[in-house]
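Chemist: quick one: sequence plus predicted model below, questions after.
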Amino acid sequence: MARILLLMDHGVDRVKVVTALRDAGQSPIDPAPGWDAPARLVQAVERATPDVVVIGCQADLEAACARCELLMEGDTTRYLPTMIAIPHHPSETEAIRVFAAGARDLVSLSDPMNLVSARIDNMARLNYLRRTFRKHHDALTARNEELDRIFETVTSGLAIVDERGRVVRMNARGREILGAQVGRFGLDDPTPATTATGGREHPILRAAVRGESVRGQRVELSSGRTGGERVLVVDAEPLFGEYGQRLGGLVVFRDETDSIRMQETLRGKAQELAQRTEEMEAFVYTASHDMKSPLWTIRRYAAMILEDQGEALGDEAHHFLERIEVNAARLGRLVEDLVRVVKVGKMELFLEPVAVDRPAREALRNLDAAVRQSGARVELPSELPAVLADPDRLVDLFENLIGNAIKYRRPEVPCVVSVRAVVEGENVHIQVQDNGMGIPEDQFERIFGLFQRLHTRDQIEGSGLGLAIVQRVVERHGGRIWVVSSLGEGSTFHVVLPAAPANEAVTPA
């Protein structure tokens, strides 16, 4: 409802105006006390926030005009429509004075009051509509400015096209992506880019003209002058009006040129790496096969000489022959470990639900001699959770982890190795803990590499391939492995593997 402010002294004329306005469905408002003081007039009107101000005039028209002029000087009140009401029909001179003071209208209270109230009501409603329109216009302008800022700052290319697929607006990122090829992106170009779209129509045509949604369609824009090519990935949505009429479409596109080129490069490198890996694996197999027979021959001849000619040989010859046999045996184990590393990366896994304690116990049986010789105590619970894994590969895993714990024990304390496992969600967390020498923190990642050792072969026997084999076993099962250790206190190897499904039978230990 419009707000009508009456600046009229109490009297018959004011009562007539209030009654007529109420009969017209309006409720006029009164100003704050003291409004008639010139110094407080503008403040009183501003506080009332009216849509129209009606200034009464009993006998002094000049006083009413002066009040109107004061309102015209205010920063906000100057825009308010002001009406002056006089008790008689105005003369030409009075009318000129009223409008010169800035009033929008002059009404005579001697006219029928329904006519007077209608004029006041119309002026108030008109300004109410004008004020409401201005409010909504300002809000819409601010919203449009915000949308413009968003449109221009989006990191992907954005384009708005009309119902014929012609680009009517594009953001800065889109212009940056397309560069000189901006004109080739829309359907207003006589030869729109349609190559490499998988036989489908241009995404702008599909969205703007056919009303289809497009997701991730690839579009290539080729330049005849430079021979260059931009590869875009385009999403597009049709735009419809309030009554379903087709307005065009909104297109979002990303420049995937460098990414696609990088993928092609990586694909080529991956193929090259796979080929070289196959060649290296073939070399390892061939070399290991070719080395086994000479190594066996060397070891056999050394043993035969020691056995047949031992008494005739001196101590130095005995020593040399023994070293030949020991190092030939060491080289044989190294060859076998190399083959195992290659096999683990390529061999097919035969997955089945298996309790963790089963392969751990089998690994202990294989390590029986080492356990007895070292006097180690291996703590292994009788029941551990089940994982979905290849049992034979888990035997390799535990044999290397427990074997390393025994190998790297501290001579001054009894060797204790503990195997534990707990279910964590969809995985089983396995821990192999020892009280051995420990590992420096800066070597935690390095120890899983090929031929990585923390001690020389003269100090501790080994090929440096055991943990590399363990890591490959774990990764082939989709798991993770890491180590936590302190020098002089021991190490804990953590292995996370997928848990066996609850409804599948577990292979017994």
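Modeler: Structure received.

Chemist: please count neighbours and contacts with C-alpha atoms only from this point.
Modeler: OK.

Chemist: D162 touches V168, doesn't it?
Modeler: Yes: with contact taken as Cα atoms under 8 Å, D162 and V168 are classed as touching, separated by 6.6 Å.

Chemist: in terms of neighbours, single out the busier of the two.
Modeler: D162 (21 against 11; other Cα atoms under 10 Å).

Chemist: so what's the more buried one bridging to?
Modeler: Beta-bridge pairing for D162 (DSSP bridges): G248.

Chemist: neighbours of V483, how many?
Modeler: For V483, the neighbour count with other Cα under 10 Å is 19.

Chemist: surely it is within a helix?
Modeler: No: counting by DSSP: H, G, I helix; E, B strand; the rest coil, V483 is not found in a helix; it is strand.

Chemist: so it versus G466, what's the distance?
Modeler: Distance from V483 to G466, counting by Cα to Cα, to the nearest Å: 14 Å.

Chemist: check R164 too.
Modeler: 68 Å.

Chemist: okay, the two: which has more neighbours?
Modeler: The neighbour count for R164 versus G466, taken as other Cα under 10 Å, is higher for G466 (27 against 18).

Chemist: residue contacts, the closest residue to the more buried one other than its chain neighbours?
Modeler: Distance criterion Cα to Cα, 6 or more residues apart in numbering; nearest residue to G466, sequence neighbours excluded, is N400 at 5.7 Å. Taking Cα atoms under 8 Å, 6 or more residues apart in numbering, we find N400 in contact with G466, L467, V470.

Chemist: now, those residues that are in helices?
Modeler: Among the contacts of N400, the residues falling in helices (DSSP state H) are G466, L467, V470.

Chemist: are we agreed that V354 is in a strand?
Modeler: Yes: under three-state DSSP, V354 sits within a strand.

Chemist: what's the pLDDT at it?
Modeler: According to the prediction, V354 has pLDDT 93.

Chemist: now tell me which helix or strand of the chain has the poorest mean pLDDT.
Modeler: helix 315-346 (a mean of 68; mean pLDDT, DSSP states H and E).

Chemist: what about the strands in the stretch 1-150 of the chain?
Modeler: 4-7, 52-56, 82-86, 105-108 (DSSP state E, counting those that start in this stretch).

Chemist: pull the residues that contact the second one.
Modeler: Defining contact as Cα under 8 Å, 6+ apart, one finds that strand 52-56 is touched by 3-9, 14, 64, 67-68, 80-86, 120, 123-124, 127.

Chemist: only the buried subset of those residues, as a ChimeraX command please.
Modeler: Only the buried entries of the contacts of strand 52-56 go into this ChimeraX selection, using 16 or more other Cα atoms under 10 Å:
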select :3,4,5,6,7,8,14,64,67,68,80,81,82,83,84,85,86,120,123,124,127
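
Chemist: OK, contacts around A64?
Modeler: A64 makes contacts with I55, G56, C57, I84, as judged by Cα under 8 Å, 6+ apart.

Chemist: tell me the pLDDT of it.
Modeler: 92.

Chemist: check the one 3 residues further on too.
Modeler: On pLDDT, R67 comes in at 91.

Chemist: remind me which residues of the stretch 201-350 of the chain are low pLDDT?
Modeler: Applying pLDDT under 70 to the stretch 201-350 of the chain picks out residues 222-228, 277-292, 310-311, 329-348.

Chemist: where along it do the helices fall?
Modeler: 203-204, 257-309, 315-346 (DSSP state H, counting those that start in this stretch).

Chemist: number of residues surrounding R365?
Modeler: R365 has 13 nearby residues by other Cα under 10 Å.

Chemist: shouldn't it be within a strand?
Modeler: No: counting by three-state DSSP, R365 falls outside a strand, being helix.

Chemist: separation between it and Q471?
Modeler: Using Cα to Cα, one gets 22 Å for the distance from R365 to Q471.

Chemist: what of D13?
Modeler: Taking Cα to Cα, one finds D13 at 101 Å from Q471.

Chemist: what does G34 give?
Modeler: 91 Å.

Chemist: can you spell out the domain ranges of the protein, please?
Modeler: 4-147, 154-255, 266-345, 348-498 (automatic domain parsing).

Chemist: contacting residues for V161?
Modeler: V167, V168, R169, G186, I204, A208, G248, G249, L250, V251.

Chemist: again with H88
Modeler: Applying Cα under 8 Å, 6+ apart, we find H88 in contact with S108, L109, S110.
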